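Engineer: Have a look; sequence and predicted model below, questions after that.
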Amino acid sequence: MSKDYSDLEKEDLIKIIEKLESRKKYGLIWDEEKTKEKFEKESENALPVLKEVKSKEIKTDPSKPTNILIEGDNYHALSVLNYTHQGKIDVIYIDPPYNTGNKTWKYNNQYVEKDDAYKHSKWLSFMLKRLCLSKNLLSMNGIILLTIDDHELFNVGILMDEVFGEQNKLGVICIVNKADGRSDDEFIATAHEYMLVYSKNKKMAKINEINLDADQLGKTYPLSDEVSNYKLKPLMSQGVDSLRKDRPKMFFPIYYSLEKNSLSLKQEDSKFVEILPVDPKGIERRWGSGYTRVDELISLGELVAKESKEGKYTIHRKVRLKPTTKTKSFWNDPKHNAAAHGTKLLQAILGKNRAFDYPKSLYAVIDSIAITSKKDSVILDFFAGSGTTGHAVMKLNDQDGGSRQYILCTNNENNICLDVCIPRLTNVISGYTMAGRTIVGLKNNLKYFKTAFVKNSISRDDLKMRITRECTEMLCLREGIFDEVKAKPDYSIFEQNGRVMAIYYSIEQDGLADLKKELDKMIGEKILYCFTFDPLGLDKNDFVDWQGVSLEPIPQKILDIYEQIYDY
Ligand SMILES: C[S@@+](CC[C@H](N)C(=O)[O-])C[C@H]1O[C@@H](n2cnc3c(N)ncnc32)[C@H](O)[C@@H]1O
């Protein structure tokens, strides 16, 4: 029954109208979760930082970038990255839980079951929080790829439109990952999944064209001559408006010389066959090109005559493989099969069965990154699972000489990080055997961090001092400088690839002179992160003789970012 508004005061009516006006007109509406997510409880009254697990570090080729694995809830990892990598990520590839109800996704430590009335609301709340944090990380020409199946396809499509903007949608790719279909589906056997492709800003986005691989090429363009691979296509037009009467000038004979095995528009031989665009039913059609163009195609050797079983001749045009081809919205390539190139591959790398149920095909991820990245891109996957994205980045770099860097984040649900992701990346870097064959290691560097927390305190100054003492790893990650060369109580110095970073932690200024002497001895681009209580930053007058050193105050900028993400 509709409400009776006749007794309401004008002010109350205005309030109601304003509320109605401000209501969402179109889009997703769901029940916001009242209970806090587990990650929210962990970071209640605390702020996330990173702590390195040094024993897991791998360094086999210092000339290559340092790749990163962060263990923890991705909400915390993304918060940290909002300070270290805002606007610096070129490609985000994510394969979030699909919310199938098959005990594959835990929300607040409990599997979300098929019959949970709030299953979509929970999933959407969970995804929205993470997608919003990840958007800040994308560079101006950055691209996000999100894989999904039909359990959440319609919801996540609208969510992505809302977060990244419908105007920034680049497309949806359908990837066949099980060509024979899932036999356990009730009505329709699913053979594919989707990949939604959005950009930070469509005007600046670019999708690379990728070459078909050799197998595909052989199937699609099976013939070849001295020019290139090609396939044959009838020259006779096939459409409804392709009759002789529609374009009479495009109906003319082409002569095929049986002696010379050549075509001509004139009768040059006594032994020739006259070929007309007449279909097997005797209907007079027309050629696909006009007289002059056909003449040109004949002299270029682009037309051939083919004899059918019935002894009839038809004319065909060579359709040539272009060197590259625009990425299609439908990928049907056997190497994208998830069982063979995901599950089985992972088994071989780890030497054990069923380590993880749903890894992606390595090649589906390689192709996804190949179409969206440059050779020096930074690639982030914050639902990393078994680490396929890290493997794919290293393999793609190996194939094309790239220096892409990856940052992976995963929780440790069912020990996925410790028992699967790290061992996989380690074995890919050092080498493994597959079906008796030795797969050579893809030498690389990896650092492993865990999220940790700095407790908030009533005193702002106290919080500032404590977060400064705990933010070293975050600063190393922000600068990409990890090799510690000096560690003193008041400061540390790091160096990598000709760049130097110093961190000064103390409120007392006494140690600065000593630090300056150390920095003066070093060569290369230098940056100093220096503690200050002052929210406005450092007093430049205190650093006039620090030539060649750029200055960054800490920790105010970290706190400014966390203030937008956390209530503290
Ligand atoms: C569908 S799997 C990704 C699989 C991955 N693409 C691969 O090929 O191995 C999703 C992964 O995200 C992880 N995950 C789920 N919720 C997470 C969260 N809040 N923070 C971090 N990781 C999470 C799960 O542990 C799971 O391993």
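Structural biologist: Okay, I see it. Residues are numbered from 1 along each chain as shown.
Engineer: that's a helix at residue 62, yeah?
Structural biologist: No: counting by DSSP: H, G, I helix; E, B strand; the rest coil, residue 62 is not part of a helix but coil.
Engineer: surely it meets residue 443?
Structural biologist: No: the criterion here is Cβ atoms under 8 Å, and residue 62 misses it with residue 443 at 9.9 Å. Bear in mind the C-beta positions are built from the backbone N, C-alpha and C, glycine included.
Engineer: so residue 251 touches residue 284, yeah?
Structural biologist: Yes: using Cβ under 8 Å as the test, residue 251 is close enough to residue 284 to be in contact (6.5 Å).
Engineer: Compare neighbour counts for those two and give me the winner.
Structural biologist: residue 251 (17 against 13; other Cβ atoms under 10 Å).
Engineer: can you pull the contacts of the more buried one?
Structural biologist: Residue 251 makes contacts with 244, 276-277, 284-287, as judged by Cβ atoms under 8 Å, 6 or more residues apart in numbering.
Engineer: how about it, phi and psi?
Structural biologist: phi -110, psi 110 (degrees, to the nearest 10).
Engineer: Report the secondary structure element holding residue 306.
Structural biologist: strand 303-307 (DSSP states H and E).
Engineer: Compute the mean per-residue pLDDT across stretch 375-389, please.
Structural biologist: Stretch 375-389 shows a mean pLDDT of 98.
Engineer: Also stretch 245-265?
Structural biologist: Per-residue scores along stretch 245-265 average to 92.
Engineer: And that stretch, end to end?
Structural biologist: 21 Å (Cα to Cα, to the nearest Å).
Engineer: Show me what from this protein comes close to the ligand.
Structural biologist: Neighbours of the ligand within the chain, by Cβ under 6 Å from any ligand atom: 73-74, 95, 97, 356, 358-360, 383, 385-386, 388, 409-411, 413, 416.
Engineer: about what we covered before: so which of residue 62 and residue 443 has more stuff around it?
Structural biologist: Ranked by neighbour count (other Cβ under 10 Å), residue 62 and residue 443 place residue 443 first, with 17 against 11.
Engineer: which residues touch that one?
Structural biologist: Contacts of residue 443 (Cβ under 8 Å, 6+ apart): 60-61, 64, 429.
Engineer: returning to what we had before: select, from the contacts of residue 251, the two members most distant in space.
Structural biologist: Greatest spatial distance in those: 284 and 287, 11.4 Å, computed using Cβ to Cβ.
Engineer: before we move on, the earlier item: buried ones from the residues of the chain next to the ligand, can you make that a PyMOL selection?
Structural biologist: Here is the PyMOL command that selects the buried residues among those (16 or more other Cβ atoms under 10 Å):
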select buried, resi 73+74+95+97+356+359+360+383+385+386+388+409+410+411+416
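Engineer: What is the neighbour count of residue 457?
Structural biologist: 13.
Engineer: coming back round to it: kindly indicate which of the contacts of residue 443 lies nearest the ligand.
Structural biologist: Of all the contacts of residue 443, the ligand sits closest to residue 429, with 16.8 Å by Cβ to the nearest ligand atom.
Engineer: in the chain, what residue is nearest the ligand?
Structural biologist: Taking Cβ to the nearest ligand atom, the chain has residue 385 as its residue nearest the ligand, at 2.7 Å.
Engineer: Which of the three states applies to that residue?
Structural biologist: coil.
Engineer: check contacts around it.
Structural biologist: So residue 385 contacts 95, 356, 358-359, 410, 416, 420-421 (Cβ under 8 Å, 6+ apart).
Engineer: and the helix or strand harbouring residue 90, average pLDDT?
Structural biologist: Per DSSP H and E, residue 90 falls inside strand 89-94. Regarding strand 89-94, the rounded mean pLDDT is 98.
Engineer: name the helices or strands packed onto the helix or strand just after that strand?
Structural biologist: Using DSSP H and E, the next helix or strand after strand 89-94 towards the C-terminus is strand 106-107. With contacts taken as 3 or more Cβ pairs under 8 Å, 6 or more residues apart in numbering; DSSP states H and E, strand 106-107 sits against helix 119-135.
Engineer: Give me the buried positions along the helix it packs on.
Structural biologist: Applying 16+ other Cβ under 10 Å to helix 119-135 flags 119-131, 133-135 as buried.
Engineer: and if you look at stretch 422-431?
Structural biologist: 422-429.
Engineer: got it, and stretch 107-119?
Structural biologist: Result for stretch 107-119 [16+ other Cβ under 10 Å]: buried residues 107, 112, 116, 119.
Engineer: List just the nearest of those to residue 22.
Structural biologist: Nearest member of those to residue 22, counting by Cβ to Cβ, is residue 119, at 28.5 Å.
Engineer: I'd assumed residue 490 was in contact with residue 508.
Structural biologist: Yes: in terms of Cβ under 8 Å, residue 508 counts as a neighbour of residue 490; the distance is 7.4 Å.
Engineer: Neighbour count: these two, which is higher?
Structural biologist: The neighbour comparison of residue 508 against residue 490 (other Cβ under 10 Å) goes to residue 490, with 17 against 8.
Engineer: Contact partners for that one?
Structural biologist: Neighbours of residue 490 in contact, by Cβ under 8 Å, 6+ apart: 504-506, 508, 510-511, 514-515.
Engineer: same thing with residue 524?
Structural biologist: Contacts of residue 524 (Cβ under 8 Å, 6+ apart): 495, 498-500.
Engineer: Leaving out chain neighbours, which residue sits closest to residue 201?
Structural biologist: residue 140 (5.7 Å; Cβ to Cβ, 6 or more residues apart in numbering).
Engineer: For residue 530, grab phi and psi.
Structural biologist: phi -120, psi 130.
Engineer: What's the per-residue pLDDT of the closest residue to it other than its chain neighbours here?
Structural biologist: Leaving aside its sequence neighbours, residue 530 sits nearest to residue 504 (Cβ to Cβ, 6+ apart; 4.4 Å). On pLDDT, residue 504 comes in at 98.
Engineer: how many neighbours does residue 504 have?
Structural biologist: 19.
Engineer: Residue 194 touches residue 147, doesn't it?
Structural biologist: Yes: applying Cβ under 8 Å as the test, residue 194 and residue 147 come out as touching, 6.8 Å apart.
Engineer: picking up where we left off before, which of the contacts of residue 443 sits closest to residue 175?
Structural biologist: residue 429 (26.9 Å).
Engineer: what's near enough to touch that closest one?
Structural biologist: Residue 429 touches 58, 60, 394, 441-444, 446, counting by Cβ under 8 Å, 6+ apart.
Engineer: what's the next secondary structure element after the strand or helix carrying residue 438?
Structural biologist: Taking DSSP H and E as the criterion, residue 438 maps to strand 437-440. Downstream of strand 437-440, the next assigned helix or strand under DSSP H and E is strand 445-455.
Engineer: Provide the secondary structure category for residue 194.
Structural biologist: Residue 194 is classified as strand under three-state DSSP.
Engineer: give me the number of residues near it?
Structural biologist: When neighbours are counted by other Cβ under 10 Å, residue 194 comes out with 18.
Engineer: per-residue pLDDT, it?
Structural biologist: 98.
Engineer: got the contact list for residue 175?
Structural biologist: Contacts of residue 175 by Cβ under 8 Å, 6+ apart are 147, 192-195, 331, 336, 364.
Engineer: Which members of the residues you listed are the farthest-apart pair?
Structural biologist: 194 and 336 (12.8 Å).
Engineer: coming back round to it: which neighbours do residue 251 and residue 284 share?
Structural biologist: 244, 276-277.
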